[in-house]
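Colleague: Give the three-dimensional model of this entry:
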Amino acid sequence: DPVCAVAPFTDVPVDHPFCGEIAWASGEGIAGGFGDGSFRPGASASRQATAAFLYRYASRSSESAAPRSSPNVR
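Modeller: Next up, the predicted model:
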């Protein structure tokens, strides 16, 4: 799992079960937060947001390292 040493958003503490994955996606420019500094990890993602995530992931440099394991789906 990706390491989460620093909370990437105000509502994603380092002990959040997906902090590492959220920090990775944010660091890679795939997913961002809201203007108030939150990520809102429990909110649903719209189809348009999901399409944007996939586009950003597919468009990123092949030099960027992806997480080494799949997130634990809960």
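
Colleague: check which helix or strand covers the closest residue to Pro8 other than its chain neighbours.
Modeller: Distances taken as C-beta to C-beta, 6 or more residues apart in numbering place Ala23 nearest to Pro8, at 4.1 Å, with adjacent residues excluded. C-beta: built from backbone N, CA, C; applies to glycine. Under the criterion DSSP states H and E, the helix or strand holding Ala23 is helix 19-27.

Colleague: Touching that helix from outside, list them.
Modeller: Residues from elsewhere that reach helix 19-27 (C-beta atoms under 8 Å, 6 or more residues apart in numbering): 1-4, 6-9, 12-13, 16, 31-33, 39, 41, 53, 67, 71.

Colleague: Of those residues, just the buried ones, PyMOL syntax please.
Modeller: Here is the PyMOL command that selects only those of those that count as buried (16 or more other C-beta atoms under 10 Å):
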select buried, resi 2+4+7+8+9+12+16+31+33+39
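
Colleague: Hmm, Pro13 is touching Val6, no?
Modeller: No. When contacts are counted by C-beta atoms under 8 Å, Pro13 is not listed as touching Val6 (10.1 Å).

Colleague: And for the residue nearest to Pro8, the neighbour number?
Modeller: 22 (other C-beta atoms under 10 Å).

Colleague: Between helix 19-27 and the biggest helix by length in the chain, find me the angle.
Modeller: Of all segments of type helix in the chain, defined using DSSP state H, the longest is helix 47-59. Orientation check (axes from the mean of the first three to the mean of the last three C-alpha atoms, to 10 degrees): helix 47-59 against helix 19-27 gives 80 degrees.
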